[in-house]
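In: build me a structure from this.
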Amino acid sequence: MKTLVILNPYANRWRALARRPEAEASLRQAAIDYEMVQTDYPGHGIEIARQATLDGYTRIIAAGGDSTINEVVNGMLAGTKDSARMPHLGVLPMGTANDLADNLGIPKDLVLTAQVAAGSHTRLMDVCRVNDRYFVNNSGVGLEPYITTIQMEIHRVQGILRYLLATLIGIYRNPRWEMEVTWDEGEYRGPGTLISVGNSPRTGGLFFLTPHASAFDGKLTFLIGAAPNRRQLLQLLPKAMHSGEGNVAEDPRAFEVHTTRIKIHLNQPSPVHADGEVFARAVTDFDYGILPAQIPILLPA
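Out: So this is what the prediction gives:
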C-alpha cells in the first residue's frame, strides 16, 4: 500500500518528536514501506492529508494524539467523501490521552500498533460533524471545552494529571449557560453545565461522558449535564470517571441520548472542541451531524 505517515511533533508536549526514531523502527519492523512528514503548525495535518488523499495514497497513518487524528480525518474528507476511495486510516498513539486508540482497542505499544497498521483488518468508522469541523471521538460545548482551554495554559504538570487539574479549576470557576437543544425526537430548554457529544465513550483520558457511544452505530451520542453549584459538580466528577454501572449518565442531573442530529443555542458564547482541539473560542450556535460508516480504520483483527 502507498503509505504516508503524518507525525505531529508537538503531540504530548513534544514527546512525539523525541519518539520519532522509535516510531520509524516500529514501522520498519512491521515491513511498512512508508514516507513520513512532520506537521509544522496547527492545521498543517489537514493540508497534508487532503493532498495525500488526492494523490492516491491508500494508507495514511496519524502519528500523534487525538487532535492529530482529527486533522488527518478532516484532511481525508476534504480530499474525498467517497468511502470506497478513502485511504485506510492507521494510528500510532503518541499523544497524551490517546482516547480514540483506547476506545477502539488499538494498542499503545508502537511495535504492536505498527503491526495493526500493517494489517488489512478495517471497519468503516462513523465520522461526526460540528458546524464545519469533523471529529471521530468526542466534541463538547460548555464546561468540557472550557476545561480544555485551561489545560492548554498549564505547563508545569504533564500527562493525564494535567487534565484532572484543569477539571478541578474549571469546576471551581463554575461557568453556566442557558441552553436550547433539539434532536431527532426531543428537545431541552434550561440551564446546563456541559454538552458532550461522543462517537466513543471516553474523552480527556479519564472521563466517560458518553458511556454508551459507539463509533460504528451510525448515531451521535450526547450527554447534557446540569449541576447548579460546585459541590454538585464535584459529586458528579467520580461518576464521570467511571464507565460501568453508576456512571454519570445514570445520575438525575444528567441524561444521555442517541440521535443523528443535534442543534444547540446558548445564551452566551462557549468554546467548542473537536477531539480535544479547541477550534473556536466563542460560539453560540452549534449544528451536529453524522456521516455513518465513512472512514476505513485499521484495527486489531
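In: show me where the stretch 1-150 of the chain has strands.
Out: 3-7, 34-38, 59-64, 88-93, 122-130, 133-135, 138-142 (DSSP state E, counting those that start in this stretch).
In: list the buried residues of the longest one.
Out: For strand 122-130, a neighbour-count test (16 or more other C-beta atoms under 10 Å) marks 125-130 as buried. In short, each C-beta sits where N, CA and C put it, glycine included.
In: relative to strand 88-93, how tilted is it?
Out: Relative orientation of strand 122-130 versus strand 88-93 (axes from the mean of the first three to the mean of the last three C-alpha atoms, to 10 degrees): 80 degrees.
In: may I have strand 122-130 as PDB, with CA atoms only?
Out: Output of strand 122-130 as PDB, limited to C-alpha atoms (Å, rounded to 0.1, in the frame of the first residue of the first chain):
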ATOM      1  CA  THR A 122     -10.600  -2.500   8.800                       C
ATOM      2  CA  ARG A 123     -14.000  -1.300   9.900                       C
ATOM      3  CA  LEU A 124     -15.900   1.600   8.500                       C
ATOM      4  CA  MET A 125     -16.000   4.200  11.300                       C
ATOM      5  CA  ASP A 126     -18.600   6.800  11.700                       C
ATOM      6  CA  VAL A 127     -17.500  10.400  11.400                       C
ATOM      7  CA  CYS A 128     -19.300  13.200  13.300                       C
ATOM      8  CA  ARG A 129     -19.500  16.900  12.400                       C
ATOM      9  CA  VAL A 130     -19.900  20.000  14.400                       C
END
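In: which residues are in contact with it?
Out: The contact list for strand 122-130 (C-beta atoms under 8 Å, 6 or more residues apart in numbering) reads 73, 77, 83, 88-89, 134-136, 139, 197, 199, 215-220, 272, 274, 286-299.
In: now with 7 Å?
Out: Contacts to strand 122-130, defined as C-beta atoms under 7 Å, 6 or more residues apart in numbering, come from residues 73, 77, 83, 88, 134-136, 139, 197, 199, 215-216, 218, 220, 272, 274, 286, 288-299.
In: quick one on the thing from earlier: would you reformat the strands of the stretch 1-150 of the chain as a markdown table and include mean pLDDT and distance to R176?
Out: A markdown table is the format used below for the strands of the stretch 1-150 of the chain (pLDDT from 0 to 100; distance: least, C-beta to C-beta, whole Å):
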| stretch | mean pLDDT | distance to R176 |
| --- | --- | --- |
| strand 3-7 | 98 | 39 |
| strand 34-38 | 98 | 41 |
| strand 59-64 | 98 | 34 |
| strand 88-93 | 98 | 35 |
| strand 122-130 | 98 | 21 |
| strand 133-135 | 98 | 24 |
| strand 138-142 | 96 | 8 |
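In: Serialize the ones you listed to CSV and add fields for distance to L206.
Out: Formatted as CSV, these follow (distance: least, C-beta to C-beta, whole Å):
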stretch, distance to L206
strand 3-7, 26
strand 34-38, 29
strand 59-64, 19
strand 88-93, 16
strand 122-130, 21
strand 133-135, 19
strand 138-142, 12
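In: N247 is nearest to which of the ones you listed?
Out: strand 138-142 (15.2 Å; C-beta to C-beta).
In: now the contacts of strand 122-130: which count as buried?
Out: 73, 77, 88, 134-136, 139, 197, 199, 215, 220, 272, 274, 286, 288-291, 294-299.
In: burial measure for E187, as a count.
Out: 9 (other C-beta atoms under 10 Å).
In: that one in helix, strand or coil?
Out: strand (DSSP: H, G, I helix; E, B strand; the rest coil).
In: and stretch 25-38, end to end?
Out: One end of stretch 25-38 sits 16 Å from the other (C-alpha to C-alpha, to the nearest Å).
In: could we number from 654 for the rest of this?
Out: I'll keep to 654 as the first residue from here, and by that count the last item is stretch 678-691.
In: can you list contacts of that stretch?
Out: 656-660, 662, 677, 701, 763-764, 767-768, 770-771.
In: of those residues, select the buried ones using a ChimeraX command.
Out: Buried residues within these, by 16+ other C-beta under 10 Å, are selected in ChimeraX with:
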select :656,657,658,659,660,662,677,701,763,767,768,770,771
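In: elements contacting the longest strand along the chain?
Out: Among the elements of the chain assigned as strand by DSSP state E, the one spanning the most residues is strand 930-951. Contact here means 3 or more C-beta pairs under 7 Å, 6 or more residues apart in numbering; DSSP states H and E; on that basis strand 930-951 packs against helix 719-732, strand 741-746, strand 775-783, helix 796-805, strand 915-927.
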